[in-house]
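Enquirer: got a structure for you, letters missing:
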């Protein structure tokens, strides 16, 4: 299976905006920064986001296990995604 299409990523960004109030704040080459108004408050919510990141931006967690990444997302109001083309 090949990499996800840009359409799927765009749909996920819209979902994050709806669920968490995530808005793209900056782009630095291969890095995206989001400001998040309603970050995940529980590990279950954060797990969903961490899993979505692991599927759509495999470089996003930089080798961090999805479980650890989910713990880091709880309450975090800024998210950073890294993607190597």
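Expert: Nice, I can see it. For clarity, every value in this text was computed on a predicted model and none was experimentally measured. Numbers count the residues shown, from 1 in each chain.
Enquirer: how close does the residue most central in space within the chain sit to residue 26?
Expert: The chain has residue 53 as the residue nearest its centroid, 4.6 Å off, counting by Cα atoms, centre = their mean. Separation of residue 53 from residue 26 (Cβ to Cβ, to the nearest Å): 17 Å. All C-beta spots, glycine's among them, are computed from the backbone N, C-alpha and C.
Enquirer: all strands for the chain, in order.
Expert: With DSSP state E as the criterion, the chain has strands at 22-28, 31-36, 78-82.
Enquirer: comparing those, which gets the lowest mean pLDDT score?
Expert: For those, mean pLDDT drops lowest on strand 78-82, to a mean of 90.
Enquirer: ok and that strand relative to strand 31-36, angle-wise?
Expert: 160 degrees (axes from the mean of the first three to the mean of the last three Cα atoms, to 10 degrees).
Enquirer: and strand 78-82, what's buried?
Expert: For strand 78-82, burial by neighbour count (16 or more other Cβ atoms under 10 Å) applies to 79, 81.
Enquirer: in its sheet, what does that strand sit against?
Expert: Sheet pairing for strand 78-82, assigned by DSSP bridges, gives strand 31-36 (antiparallel).
Enquirer: ok, residues contacting the partner strand?
Expert: 16, 20-27, 76-83 (Cβ atoms under 8 Å, 6 or more residues apart in numbering).
Enquirer: please state the offset of it from the chain centre?
Expert: When C-alpha coordinates are averaged (Cα atoms, centre = their mean, to the nearest Å), strand 31-36 and its chain have centres 8 Å apart.
Enquirer: check stretch 58-73 too.
Expert: That offset, for stretch 58-73, works out to 9 Å (Cα atoms, centre = their mean).
Enquirer: stretch 10-23 too?
Expert: Relative to its chain's centre, stretch 10-23 lies at 9 Å (Cα atoms, centre = their mean).
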